[in-house]
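Novice: fold the following, please.
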Amino acid sequence: MPRKYGTTVYVRSKWPLMLRVKGTVILAIWWQVLLLAVYSSVVFVIHKFTDWKMNYSLSLVSVMGMVVSLLLVFRTNTAYDRYWEGRRLWSQMTLCVRNLTRGIWVCVAETETRDLLEKKSAINLLVAFAFATKHYLREEYGYNYDDMINLLAHIPKYSIPTSTQPMDWRTDIPTPLGSLQKESYQLPEEPQGKATASSIDPERVSTSDARTRRHQAKKQAIAFDFLTPTNIPIELSYYIGSYIKSCSNKGRVDAATLTMMNNALVSMIDCLTGFERILRTPIPLAYSIHLHHATWLYLLSLPYQLIANMGALMIPAVVLAAFTLLGILGIGYEIENPFNDDYNDLPLDDFCKVIQAEVDTMVATRAPVPADWIFSENNYPLANSHLSAKELSALSLDEVHKLMEQESTPIHHMNYSRPVNGNHNGEPLIETPAQVVPSVVVNVPVASSNAPLSKAQ
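Specialist: From the prediction side, this is the model:
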């Protein structure tokens, strides 16, 4: 099923791309194209039915067309660079989450139930970091969103000021409830008239409600204690860092893994800072305004350039030019901020769900123990040998080395496969369809026709 928001134009549809409207900027520019069509029609009527001829030879229009085209190309490339940079940073953050999950689940020792619960709780914060980053970049501030409330309900809140809004928009003093407009939620009255953590309705906030509220100008934030909008990902990094330090103090992790975990956490903060850089560094306003002015001046001058040679065909020609130029301008504006939930923005919802699914799958079973999978009856580590790893482990070290020396002798084929008739002792093997190991044949050049074969053959 295709998503309803936060996706690209490549969704399931029976219509070809040429006939699609969803995912395009047509709905945003249609009224501008219609306005230019009416304007061109007025110019044609005046030229056709009055003595006021509108066929001005404006050679400057041709020059302006080239300049506007170059400006639009630069505008689109700049916007796409921001889009691609956001995708690259999110991939880097996903890599860090994966590495930290692997380091915590596999490399951190556990000796009692408390250790296991600490590991699982720390990994849950990694998943919450991804969801909190998504909401943070969409200016959805709060802890009660339905996709992360269960992961954050137990931790204290710092209410760290956000970096996605100007300082002039923020306050450092808790706001009284009386000055806040009550919207879709109801707050119980307190005797002192002040907001406290216990007075907040713990009801979850769905992401769809959050999107509706974000477009309302009255109040965009739902901070935990009605302080300034909070930077929840930074808060989570403190708790993740405290767990890593606890593992170091208790000696549960080696130095190499500890360094990897700290580096991964630092890289996650670096990605978050990169997201903020993209969000808080739009295309300069003067450049955007000038580009709009130049584009509209060109389109408004175009009818006078074409009416002499094209007549009534000038109207569809102007409409086509307006659709093309305004469409490119609208695309650049839409992908300039790739973190919203429009069709052409990054599908952050799916990215977060992928991270959660991977992490949940990883921690669904205990961390793998090498002895469980190396010394399996289905593992035949030596080529052209019918001895499994379990059987080889019963031999002496010298005997195994001799077998490996024989394996290194050039032969026609090296077949890594389990025996068909039985093991080395002639005992039948129990076939388990789910554990059948496929054969891998490696061709090796023949050095000599008299080369000895392995003992197993």
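
Novice: which residues in the stretch 151-300 of the chain form strands?
Specialist: In the stretch 151-300 of the chain, no segments count as strands under DSSP state E, counting those that start in this stretch.

Novice: for the stretch 1-150 of the chain, which segments count as helices?
Specialist: 26-49, 59-102, 113-137, 149-152 (DSSP state H, counting those that start in this stretch).

Novice: turn those helices into CSV, columns for mean neighbour count.
Specialist: Any C-beta I mention is one placed from the backbone N, CA and C, and that applies to glycine too. Formatted as CSV, the entries for the helices of the stretch 1-150 of the chain read as follows, by neighbours: other Cβ atoms under 10 Å:
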stretch, mean neighbour count
helix 26-49, 15
helix 59-102, 16
helix 113-137, 20
helix 149-152, 17
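
Novice: a markdown table for the ones you listed, including distance to residue 252?
Specialist: Formatted as a markdown table, the helices of the stretch 1-150 of the chain follow (distance: least, Cβ to Cβ, whole Å):
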| stretch | distance to residue 252 |
| --- | --- |
| helix 26-49 | 54 |
| helix 59-102 | 15 |
| helix 113-137 | 7 |
| helix 149-152 | 23 |
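
Novice: how about the ones you listed in TSV, adding mean pLDDT and distance to residue 247?
Specialist: Converted to TSV, the helices of the stretch 1-150 of the chain look like this (pLDDT from 0 to 100; distance: least, Cβ to Cβ, whole Å):
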stretch	mean pLDDT	distance to residue 247
helix 26-49	93	51
helix 59-102	92	12
helix 113-137	95	8
helix 149-152	90	20
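
Novice: what about residue 386, how many neighbours?
Specialist: 20 (other Cβ atoms under 10 Å).

Novice: quick one, which of the helices of the stretch 1-150 of the chain gets closest to residue 288.
Specialist: helix 59-102 (7.9 Å; Cβ to Cβ).

Novice: packing partners of that closest one?
Specialist: helix 113-137, helix 255-280, helix 285-310, helix 314-335, helix 348-362 (3 or more Cβ pairs under 8 Å, 6 or more residues apart in numbering; DSSP states H and E).

Novice: among the helices of the stretch 1-150 of the chain, which is nearest residue 364?
Specialist: The nearest among these, by Cβ to Cβ, is helix 113-137 at 10.9 Å.

Novice: could you check the angle helix 59-102 makes with that closest one?
Specialist: 170 degrees (axes from the mean of the first three to the mean of the last three Cα atoms, to 10 degrees).

Novice: elements contacting helix 113-137?
Specialist: Against helix 113-137 (3+ Cβ pairs under 8 Å, 6+ apart) you get helix 59-102, helix 149-152, helix 232-249, helix 255-280, helix 348-362.

Novice: among those helices, which is nearest residue 313?
Specialist: Closest among the helices and strands packed on helix 113-137, using Cβ to Cβ: helix 59-102, at 16.9 Å.

Novice: one step back: nearest to residue 245, out of the helices of the stretch 1-150 of the chain?
Specialist: Comparing the helices of the stretch 1-150 of the chain by Cβ to Cβ, helix 113-137 comes nearest, at 11.5 Å.

Novice: buried ones in the helix or strand residue 403 falls within?
Specialist: Here residue 403, judged by DSSP states H and E, is contained in helix 397-407. Of all the residues in helix 397-407, those buried under the rule 16 or more other Cβ atoms under 10 Å are 400, 403, 406-407.

Novice: which one of those residues is nearest to residue 25?
Specialist: For the buried residues of helix 397-407, the nearest to residue 25 is residue 407 (63.2 Å; Cβ to Cβ).

Novice: pretty sure the closest one sits against residue 385.
Specialist: Yes. Residue 407 lies in contact with residue 385 (Cβ atoms under 8 Å); the separation is 6.9 Å.

Novice: what score does residue 244 have for pLDDT?
Specialist: What the model reports as pLDDT for residue 244 is 97.

Novice: for it, which non-adjacent residue is closest in space?
Specialist: residue 261 (5.1 Å; Cβ to Cβ, 6 or more residues apart in numbering).

Novice: now for that neighbour, how many residues are close by?
Specialist: 26.

Novice: ok, which of the helices of the stretch 1-150 of the chain comes nearest residue 253?
Specialist: helix 113-137 (10.7 Å).

Novice: what's the angle between that closest one and helix 232-249?
Specialist: Between helix 113-137 and helix 232-249, the angle comes out at 160 degrees (the same axes, to 10 degrees).

Novice: compute the inter-axis angle for helix 113-137 and helix 255-280.
Specialist: 20 degrees.

Novice: gap between the residue lying closest to residue 323 once chain neighbours are set aside and residue 299?
Specialist: Using Cβ to Cβ, 6+ apart and skipping residues adjacent in sequence, the residue nearest residue 323 is residue 33, 5.3 Å away. From residue 33 across to residue 299, the span is 10 Å (Cβ to Cβ, to the nearest Å).

Novice: where does the stretch 251-400 of the chain dip in pLDDT?
Specialist: Low-confidence regions of the stretch 251-400 of the chain, defined here as pLDDT under 70, do not occur.

Novice: pop the domain breakdown of the protein in here.
Specialist: 1-108+253-368, 109-252, 377-443 (automatic domain parsing).

Novice: just to revisit the earlier point, now the helices and strands packed on helix 113-137 as CSV including distance to residue 19?
Specialist: Shown next, in CSV, are the helices and strands packed on helix 113-137 (distance: least, Cβ to Cβ, whole Å):
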stretch, distance to residue 19
helix 59-102, 23
helix 149-152, 42
helix 232-249, 41
helix 255-280, 33
helix 348-362, 25
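
Novice: of those, which is nearest residue 119?
Specialist: helix 232-249 (8.5 Å).

Novice: flag every buried residue along that closest one.
Specialist: 232-237, 239-240, 243-244, 247-248.

Novice: JSON lines for these, including distance to residue 111?
Specialist: Formatted as JSON lines, the buried residues of helix 232-249 follow (distance: Cβ to Cβ, whole Å):
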{"residue": "232", "distance to residue 111": "32"}
{"residue": "233", "distance to residue 111": "31"}
{"residue": "234", "distance to residue 111": "32"}
{"residue": "235", "distance to residue 111": "30"}
{"residue": "236", "distance to residue 111": "26"}
{"residue": "237", "distance to residue 111": "27"}
{"residue": "239", "distance to residue 111": "22"}
{"residue": "240", "distance to residue 111": "22"}
{"residue": "243", "distance to residue 111": "16"}
{"residue": "244", "distance to residue 111": "18"}
{"residue": "247", "distance to residue 111": "13"}
{"residue": "248", "distance to residue 111": "16"}
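
Novice: just the closest of the residues you listed to residue 63, please.
Specialist: residue 233 (48.9 Å).

Novice: just to revisit the earlier point, which of the helices and strands packed on helix 113-137 sits closest to residue 136?
Specialist: helix 232-249 (5.7 Å).

Novice: hmm, who's touching the closest one?
Specialist: 100, 104, 108, 118, 121-122, 125-126, 128-129, 132-133, 135-136, 141, 143, 152, 155, 157-158, 160, 253, 258, 261-262, 265, 268-269, 272 (Cβ atoms under 8 Å, 6 or more residues apart in numbering).

Novice: alright, I will stop here.
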